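**Student:** Below: sequence and its predicted model.
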Amino acid sequence: MTLTLVHLYPREMNIYGDTGNVLVLRRRLGWRGIDAQVVPVAVGDALPHDVDILLGGGGQDAAQGDIGADFASRGAQLRAMADDGVVMLAICGTYQMLGHEFVTQEGRSIPGVGVLDVVTRGQSERLIGNNFVDTPAAGRLVGYENHSGLTELGSGATPLGTTQTGRGNNGRDRTEGAVRGNVIGTYLHGPVLAKSPRFADDLIRRALARRGESTDLEPLDDTLAERAAVVAAGRPR
Amino acid sequence: MNVLAVWLGKLTLIALRLIGRRGNALPGLVVEKVFPGYLPRAMATLPEGVVVVSGTNGKTTTTKMVATVLGERLRVLTNDTGSNFVRGAITATIEHADWRGRLPYDVAVFELDEAWAVRFVAIVAPRRALLLNVMRDQLDRFGEIDTTAALLGKVAAATTGDVVLNRDDQRIAALAAKTKATVSYYGVLPALRPLFPTDEELYGGPIAVGSVPARAELLALPVGTSPTIELRIGGTAHRVDLRAEGAHNAQNAAGAAALALTFGFDSETVAAGLGHVSPAFGRGQRFVVDGRIVVLQLVKNPGGFRQTLRTLDGAVPVAAIVVVINDDYADGRDVSWLWDVDFTALAAVPARVYTAGTRAADMAVRLRYDEVSTDEVEPDPEKALRSAVAAVAPGEQVVIFSTYTAMWALHATLLRLGVPQ
Ligand SMILES: [Zn+2]
């Protein structure tokens, strides 16, 4: 069995180390004898047919403009994939674009693809700092936030978790991220899967379950990641 | 006024020394507060004005190169203490002024980081600027790479005489449009371009070879154990023995050469000057500790870390590697950038691996996902250094990669335990 991981826009949406999420999943699969094929998808590239996990990261504001039209043109396909239970991990800019729209500071609306029931508004202050988030599904996630958009969740999205030290989705309601089925959006860089191995395995289990495969995963030694998570949670913001 | 400012600054420095502190910022801060006009007035007395060196990577070593080359003909004031802030510049000026407040120099060469460079040029208009590259760095401070490039644009705009730009970094080359100064370029031979990826190119963008003519160009890198590089300086090719090792320093040498040409230096003088450059603080400095060779390499961002990792394929086998990652403010709070560095090559290096610093565990996690196993996770950098030295045989090499805030302590420890080479 081979799982197909799509890495969306590795060239443009990569500035805060989110590429590491792809590596973490690939290794955790590989260490358990599960083959993983990573398919980079750039502007103009077709998405592969059988996608198990799709990953996208945060980019510069200008890069988000460069890929905007390409991303919008994939709307119907991405919505179909989400309905079909494809696992998606969307960080920061990609999370924003999976929503209904992004309203710039000047009030201009950039339509998203509507996979997640969220709306983001640009503002001048950047929310930057260490962050940890408690989630019902995967325990504590530890990462780093760096974004200026403020995201509000609609009734069709559940928060991924509750932020403890960080500003989260909008700096107001202590929610962080959004979940709809197997689609997860979050502002956590870090990359988030590095110090949150339970979360990484949760994504893998979702992908295996969708295929009807066993979700029993051989345990890995995550002592270092757990230690790093405890240290990170104790550092100044 | 200058006399009073210099006295105040010098006395602050002396007071700091008396209580055993190394002061870079404080004397500058005190003088800045009491005599805000001191720096521009002092700089205005320099016949050749001020050179600002800025960019993400290579500032410190390049500043040293520029200062050393200009030193062949001129009296050069420089902030050689690794402090790259406005107050550091004031402190350096105060330290080097005489007690009558006069500056016995022809030119000042200052290393300034992108944000501080903007604040500096608002006070002192530089005669010349050398702008190196824009890579992802300190995004917890700057937010984005384009923001960083815009800061350097302000430096170019404020420069009155000559702006020297890296032809091979598009974000830097584009700054030509931002300045009324005379623009000249440095670069590397197109065949060498793939060895010097820009930020875009590191993430899959196509290699863009600049077509504007460069006044100084890197023609050939060292082969094997020889430190000799080949540079075209103006119209002439020269061989230079560069003690600052690594391909990135060879590229920066072309930048320093192009800057020196704006002073009307002949190419022989420039080449000779580059041959006199020694490694800057923590940039490939070597120490001998109990017969072991310890190399200190500063790492601050993915581009720079990748470059210094390439120096590991040197002649002396590396028996131990210590990676020290701190996340204090000056290091950058966000350690996500470690995931933009490819460590897979370390798996093939038969060396013991130590991780240290506040984020020692994070670093070990990063290495694990590149299938490099860590022998010891020891947050205390000095303990990690001692274990590494004790674990290797005489004649063998220990390489330390460290972020900024741990460097001072490591440097002091190495001076105590060993001898600089
Ligand atoms: Zn972000």
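**Tutor:** Perfect, I can see it now.

**Student:** residues contacting whatever residue of chain B ends up closest to the ion?
**Tutor:** The minimum distance from chain B to the ion, using Cβ to the ion, falls at residue B:139 (8.9 Å). In short, each C-beta sits where N, CA and C put it, glycine included. By Cβ atoms under 8 Å, 6 or more residues apart in numbering or on different chains, the residues touching residue B:139 are A:15, A:16, A:146, B:145, B:332, B:334, B:337.

**Student:** Just the CA atoms of stretch B:174-184, as CSV, please.
**Tutor:** Extracted in CSV, the C-alpha atoms of stretch B:174-184 (Å, rounded to 0.1, in the frame of the first residue of the first chain):
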residue,chain,number,x,y,z
ALA,B,174,15.9,45.4,-8.2
LEU,B,175,17.0,48.0,-5.6
ALA,B,176,18.9,49.8,-8.4
ALA,B,177,15.5,51.5,-9.1
LYS,B,178,15.3,52.9,-5.6
THR,B,179,18.5,55.0,-5.6
LYS,B,180,19.9,58.1,-7.3
ALA,B,181,23.4,57.0,-6.4
THR,B,182,25.8,55.4,-8.9
VAL,B,183,25.0,51.7,-9.1
SER,B,184,27.5,48.9,-9.7
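
**Student:** anything in that stretch near chain A?
**Tutor:** No: using Cβ under 8 Å from any Cβ of the partner chain, we find that stretch B:174-184 stays clear of chain A, coming within 13.0 Å at best.

**Student:** Show me which parts of the lowest-mean-pLDDT helix or strand in chain A are buried, residue by residue.
**Tutor:** None of the helices or strands of chain A scores lower by mean pLDDT, DSSP states H and E than helix A:61-73, at a mean of 84. Of all the residues in helix A:61-73, those buried under the rule 16 or more other Cβ atoms under 10 Å in any protein chain shown are A:63, A:64, A:66, A:67, A:68, A:70, A:71.

**Student:** Closest to chain B out of those?
**Tutor:** Of all the buried residues of helix A:61-73, chain B sits closest to residue A:63, with 9.0 Å by Cβ to the nearest Cβ.

**Student:** so how far is residue A:83 from the residue positioned nearest the centre of chain A?
**Tutor:** Nearest residue to the geometric centre of chain A (Cα atoms, centre = their mean): residue A:90, 2.7 Å. From residue A:90 across to residue A:83, the span is 16 Å (Cβ to Cβ, to the nearest Å).

**Student:** For chain A, list the residues in contact with the ion, please.
**Tutor:** A:58, A:92, A:146, A:147 (Cβ under 5 Å from the ion).

**Student:** give me every residue that touches the second one.
**Tutor:** Neighbouring residues of residue A:92 by Cβ under 8 Å, 6+ apart: A:16, A:18, A:57, A:58, A:59, A:146, A:147, A:186, A:187, A:189.

**Student:** what about the fifth one, distance to residue B:296?
**Tutor:** Right, residue A:59. 34 Å.

**Student:** For beta bridges, what are the partners of the residue nearest to the centre of chain A?
**Tutor:** residue A:56, residue A:185 (DSSP bridges).

**Student:** My read is that it contacts residue A:180, right?
**Tutor:** No: counting by Cβ atoms under 8 Å, residue A:90 stays clear of residue A:180, with 10.9 Å between them.

**Student:** That'll do, ta.
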